[in-house]
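Engineer: Show me how the following folds:
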Amino acid sequence: MLGLIAASSVLGLVPPFLLRSILDVALPQGRIGLLSLLAAGMLAVTLVASGIGVGQAYLSLGIGENMMNDLRTAVYAQLQRMPLAFFTRTRTGEVQSRISNDIGGMGSVISSLSGSVVGNVTTVVASLIAMLALDWRLTIVSLLMLPIFALISRNVGNQRRAITRQRQVQQALLSVLVEESLSVSGFLLGRVMGRTQTLVEQFSRESGTLTELTIRSAMAGRWRAVTMQIIMSAMPIGIYWAAGLTGHHGHPAISIGTLVAYTTLQQGLFGPTVSLLGVGITLQSSLALFERIFEYLDLPIEMAEPAHPTQLHRPRGHVRLEQVSFSYGDRRPTLREINLDIPAGTHVAVVGATGAGKTTLGYLIPRLYDVTSGRILIDGVDIRDLDQATLASIVGVVSQETYLFHTTIGDNLRFARPQATTEEVIAAARAAQIHDLIESLPDGYDTVVGERGYRFSGGEKQRLAIARTMLRDPRVLVLDEATSALDTRTERIVQLALDQLSEGRTTITIAHRLSTVRDADQIIALHQGRVVEQGTHTELHARGGLYASLLTKDNAQRPAPQPVRLTEK
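Structural biologist: Numbering: from 1, shown residues only. Predicted coordinates for the structure are as follows:
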């Protein structure tokens with residue numbers, strides 16, 4: 001591409017010399033043959049330059065767009081390596097804005113920057129050489145204008161850079177507002193709270209601020225640009241005046257052809273020079289976009305993949321926690337010196353009051369966070385020595401917060417295992433007590449679930465999540481309060497599906513309703529991040545400690561159980 005740019009710039013210098021020959025030789029001497037040859041040469045140069053321009057544009061666009069694709073992919077891949085804590089403190093709309101708006105704004109800069117710089121530098125150098133060849137005296141007059149151009153455009157870049165950063169921040173705020181208020185949850189909240197008009201007014205206010213910043217960015221330095229255009233338009237007049245002076249005072253007169261060719265080349269000098277100054281301004285203002293993107297690309301990887309990961313070919317699911325402590329940043333420790341031994345195939349329940357650290361413990365086993373101290377082992381291997389794909393294939397998670405993509409039921413289930421056959425998908429749905437419901441839908445497994453699965457109830461979404469996990473077939477299963485948000489009847493149906501899912505696996509249940517964990521092999525009671533009790537339901541109940549207290553409170557809050565009749569066979 002750079003070669004094509006250089007060739008195009010050099011070809012652009014040929015027509016002025018051909019024009020000089022036409023005006024000074026062919027026309028005055030009436031040489032029709034020479035005139036035809038020179039005219040044909042000018043036409044040929046134009047055609048070749050146009051063809052090169054098309055090729056250059058294609059290559060430039062392809063290079064720029066592919067660089068944008070690489071950059072978007074790099075940012076997305078970097079974010080996929082971030083710990084869960086990054087997403088709990090970063091708004092989704094902000095992330096979307098940086099990937100779409102900021103990288104999109106950089107696209108035009110990267111696509112045109114290299115081509116513009118090389119093309120304009122080549123044109124400036126070649127024009128300067130040609131102008132010196134035509135008349136060195138007029139060239140000195142022309143060069144006296146360049147420092148004025150540089151002085152005029154000096155501060156425009158810094159001004160635009162500051163405005164551009166403000167504009168991108170405002171654009172991110174607008175993206176956050178759209179993402180939050182026009183999601184299903186946001187729309188429902190705004191409607192039931194009667195705040196629709198307030199949201200419209202807020203959006204209008206933020207959009208107006210963005211419009212103002214966009215206008216300010218576009219108008220920054222506009223008067224300086226107009227001044228340079230006036231100077232450039234006046235330059236031929238100065239050249240004509242200087243040419244008239246050279247015809248007197250004993251200097252040889254400049255021919256008409258030379259004068260016309262010179263003024264043509266002069267525009268080839270000043271135009272690219274102004275463009276180069278404009279590139280500098282654009283680059284400075286675009287640094288705000290680069291800074292926002294590289295803030296993400298330069299984020300440290302807190303949970304790096306091991307350089308030489310250990311392979312577990314036939315995992316059994318034996319989980320051990322040795323002196324595990326964890327804290328969120330500078331806060332007091334959430335978990336303190338946890339020691340647990342969970343043999344393969346057993347069921348362990350973790351109970352405790354709100355804030356005891358139950359969910360945090362569930363997050364550590366699939367390595368959504370890294371332990372602050374101590375270690376977690378699966379079959380004797382530290383989970384930090386396993387790559388993420390291997391660990392995800394061993395540890396499955398079913399949480400209270402069920403997420404479904406806005407696609408079909410089948411695609412949502414196959415997200416766990418894309419190569420799963422139709423028979424395997426149906427078998428997982430049957431085991432999760434959801435197949436009959438899916439079959440009753442007009443489109444069956446091709447039914448689109450809607451944004452975040454809002455076409456389904458909480459219990460139905462939970463069973464879809466269970467089927468998805470069954471399809472993955474993990475050896476270790478973490479159930480994070482998977483039934484706490486359900487009514488009693490739905491809870492019992494989902495619990496049957498969970499019992500089916502847990503069969504033969506190492507299961508760690510983060511329990512909110514203690515009636516679901518009475519049959520666990522071990523019950524771990526947490527208090528302020530420490531294990532204070534450990535044993536079976538019968539042992540802990542008889543002990544009359546924390547677990548017994550929680551059990552009494554749980555029984556007092558639960559309504560009388562209702563019989564459940566299942567249609568699944």
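
Engineer: Residue nearest the middle of the protein, spatially speaking?
Structural biologist: Residue closest to the mean C-alpha point of the chain, counted by Cα atoms, centre = their mean, is residue 99 at 3.6 Å.

Engineer: That residue contacts residue 72, correct?
Structural biologist: Yes - taking contacts as Cβ atoms under 8 Å, residue 99 lies within contact range of residue 72: 6.0 Å. From N, CA and C alone the C-beta is placed, and that goes for glycine too.

Engineer: Following the chain onward from the helix or strand where residue 75 lies, which element is next?
Structural biologist: Applying DSSP states H and E as the criterion places residue 75 in helix 32-80. Once the chain leaves helix 32-80, the next helix or strand it forms, by DSSP H and E, is helix 84-89.

Engineer: what helices or strands is that following helix leaning on?
Structural biologist: For helix 84-89, not one helix or strand is in contact under the criterion 3 or more Cβ pairs under 8 Å, 6 or more residues apart in numbering; DSSP states H and E.

Engineer: What residues sit buried inside it?
Structural biologist: residue 85 (16 or more other Cβ atoms under 10 Å).

Engineer: buried set for the helix or strand following it?
Structural biologist: Next helix or strand after helix 84-89 toward the C-terminus (DSSP H and E): helix 92-97. Neighbour counts over helix 92-97 (16+ other Cβ under 10 Å) mark 93-95, 97 as buried.

Engineer: can I get the CA coordinates of helix 92-97 in PDB?
Structural biologist: C-alpha atoms of helix 92-97 as PDB (Å, rounded to 0.1, in the frame of the first residue of the first chain):
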ATOM      1  CA  THR A  92     -21.900  -3.100  31.300                       C
ATOM      2  CA  GLY A  93     -22.700  -0.100  29.200                       C
ATOM      3  CA  GLU A  94     -19.200   1.300  29.900                       C
ATOM      4  CA  VAL A  95     -17.600  -1.900  28.500                       C
ATOM      5  CA  GLN A  96     -19.900  -1.900  25.500                       C
ATOM      6  CA  SER A  97     -19.100   1.800  24.800                       C
END
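
Engineer: Show residues contacting it.
Structural biologist: Residues outside helix 92-97 that contact it (Cβ atoms under 8 Å, 6 or more residues apart in numbering): 79, 168, 171-180.

Engineer: just those now: which is nearest residue 121?
Structural biologist: The shortest approach to residue 121 among the contacts of helix 92-97 belongs to residue 168, at 29.6 Å (Cβ to Cβ).

Engineer: any idea what that closest one is structurally, helix, strand or coil?
Structural biologist: State at residue 168, reduced to three classes by DSSP: H, G, I helix; E, B strand; the rest coil: helix.

Engineer: just checking, it touches residue 101?
Structural biologist: Yes - counting by Cβ under 8 Å, residue 168 touches residue 101, with 6.6 Å between them.

Engineer: neighbour count winner among these two?
Structural biologist: residue 168 (21 against 18; other Cβ atoms under 10 Å).

Engineer: In contact with that one, which residues?
Structural biologist: Contacts for residue 168 (Cβ under 8 Å, 6+ apart) come out as 97, 101-102, 105, 288-289, 292.

Engineer: most surrounded residue in these?
Structural biologist: So for the contacts of residue 168 (other Cβ under 10 Å), the most neighbours sit at residue 97, 25 neighbours.

Engineer: residue boundaries of the strands in this protein?
Structural biologist: According to DSSP state E, the chain carries its strands in the segments 319-326, 335-342, 347-352, 373-378, 381-382, 395-399, 476-480, 506-510, 522-527, 530-535.

Engineer: out of these, nearest to residue 422?
Structural biologist: The nearest among these, by Cβ to Cβ, is strand 395-399 at 21.5 Å.

Engineer: partners of that closest one in the sheet?
Structural biologist: Here strand 395-399 is paired, per DSSP bridges, with strand 476-480 (parallel).

Engineer: contacting residues around the partner strand?
Structural biologist: Contacts with strand 476-480, where a contact means Cβ under 8 Å, 6+ apart, come from 315, 317, 319, 359, 362, 365-366, 378, 394-400, 469, 498, 501-502, 505-510.

Engineer: rewinding a little: now the contacts of residue 168 as CSV including distance to residue 419 and pLDDT?
Structural biologist: Shown next, in CSV, are the contacts of residue 168 (distance: Cβ to Cβ, whole Å; pLDDT from 0 to 100):
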residue, distance to residue 419, pLDDT
97, 35, 81
101, 36, 77
102, 36, 80
105, 39, 72
288, 44, 74
289, 40, 78
292, 38, 83
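
Engineer: now, the most widely separated pair of the residues you listed?
Structural biologist: For the contacts of residue 168, the farthest-apart pair by Cβ to Cβ is 97 and 288; their separation is 13.3 Å.

Engineer: Tell me if I'm right that residue 420 and residue 414 touch.
Structural biologist: Yes - contact criterion Cβ under 8 Å: residue 420 and residue 414 qualify, at 5.5 Å.

Engineer: Quick check: neighbours shared by these two?
Structural biologist: By Cβ under 8 Å, 6+ apart, the residues touching both residue 420 and residue 414 are residue 471.

Engineer: circling back: which one of the contacts of residue 168 is nearest to residue 164?
Structural biologist: Residue 164 has its nearest neighbour among the contacts of residue 168 in residue 288, at 4.2 Å by Cβ to Cβ.

Engineer: nearest spatial neighbour of the closest one, skipping sequence neighbours?
Structural biologist: residue 165 (3.7 Å; Cβ to Cβ, 6 or more residues apart in numbering).

Engineer: Could you report the neighbour count for that neighbour?
Structural biologist: Neighbours of residue 165 under the rule other Cβ under 10 Å: 17.

Engineer: Residue 29 versus that one, what's the distance?
Structural biologist: According to Cβ to Cβ, to the nearest Å, residue 165 and residue 29 sit 63 Å apart.

Engineer: Same check on residue 469?
Structural biologist: 91 Å.

Engineer: Likewise for residue 547?
Structural biologist: 113 Å.

Engineer: if I look at residue 174, how far off is residue 210?
Structural biologist: Residue 174 is 6 Å from residue 210, where distance means Cβ to Cβ.

Engineer: got the contact list for residue 406?
Structural biologist: Residues counted as contacts of residue 406 (Cβ under 8 Å, 6+ apart) are 448-452.

Engineer: do that again at 7 Å, thanks
Structural biologist: Counting by Cβ atoms under 7 Å, 6 or more residues apart in numbering, residue 406 touches 449-451.
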